[in-house]
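A.B. asks: I'll drop the sequence and a predicted model, then ask my questions.
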Amino acid sequence: MILRDEEIILSYRKHPDPDLIGILFERYSHLIFSVCLNYLRDEEECKDVVLSIFEKLNQDLLRYDIKHFSSWLHTVTRNRCLKELKRKNAIVPIYNVENVQATQETIEHHDLTEIHLPHLNEGMNQLNEAQRICLQMFYIEEKSYNQICTMTGFTFKQVKSHIQNGKRNLKLFLEKFSHDKEQSSFRY
């Protein structure tokens with residue numbers, strides 16, 4: 001019998017058994033690795049991040065009340081990668097024209113191809129959690145709507161709505177950031 005994530009977490013909270021974390025590791029390590037690879041672009045660094053996330057999981061499962069484990073783990077991974085990039089003072093590509101068709105319209109309107117990490121992170125943090133997760137999965141991880149539904153528990157309509165609204169809200173934030181940046185360059 002295959003246990004659902006929530007059942008594994010509940011069991012772990014009652015009786016912390018490292019084998020239960022091992023099950024989650026088997027289930028999610030390859031997905032977490034691919035998320036890391038999208039951000040960090042270095043396989044060895046990604047392996048280290050994946051291991052550190054799962055090493056900390058024994059404490060996190062006891063500390064946090066996790067409702068949707070896959071979404072929560074994805075957010076933890078993304079935040080960890082962003083923290084690593086920020087520590088290195090890296091610039092994060094926000095749009096990848098080859099992989100994301102919808103970004104073409106944004107690039108045409110704003111001529112933005114990259115943005116410093118704090119601004120991207122700030123823009124993503126302006127979104128509600130559902131929008132942030134769906135945008136991340138769709139654009140960065142290149143998941144289909146159906147895959148996002150499976151991983152998050154959202155309906156197809158909810159996923160579509162979260163992506164459309166999140167994209168619009170992020171676009172508005174970036175327009176405001178771009179406008180503010182232009183205004184500050186004209187000051188004496």
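C.D. replies: Good, I have the coordinates.
A.B. asks: please make it C-alpha for all contacts and neighbour counts, starting now.
C.D. replies: Noted.
A.B. asks: roughly how far is stretch 52-63 from the heart of the chain?
C.D. replies: 18 Å (Cα atoms, centre = their mean, to the nearest Å).
A.B. asks: what's that stretch in contact with?
C.D. replies: 9, 12, 13, 16, 18, 21, 25, 76, 77 (Cα atoms under 8 Å, 6 or more residues apart in numbering).
A.B. asks: what sits closest to the fourth one if chain neighbours are left out?
C.D. replies: Put plainly, it is residue 16. Leaving out its chain neighbours, the residue that sits closest to residue 16 by Cα to Cα, 6 or more residues apart in numbering is residue 58, at 7.7 Å.
A.B. asks: then residue 166?
C.D. replies: For residue 166, the spatially nearest residue (Cα to Cα, 6+ apart) is residue 131, at 4.8 Å.
A.B. asks: go ahead and confirm that neighbour touches residue 169.
C.D. replies: No - judged on Cα atoms under 8 Å, residue 131 makes no contact with residue 169 at a distance of 9.2 Å.
A.B. asks: between those two, which has more neighbouring residues?
C.D. replies: residue 131 (25 against 18; other Cα atoms under 10 Å).
A.B. asks: that one: what's it in contact with?
C.D. replies: By Cα under 8 Å, 6+ apart, the residues touching residue 131 are 162, 163, 165, 166.
A.B. asks: make a PyMOL selection of the buried ones in those residues.
C.D. replies: Selection of the buried residues among the contacts of residue 131 in PyMOL, burial being defined by 16 or more other Cα atoms under 10 Å:
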select buried, resi 162+163+165+166
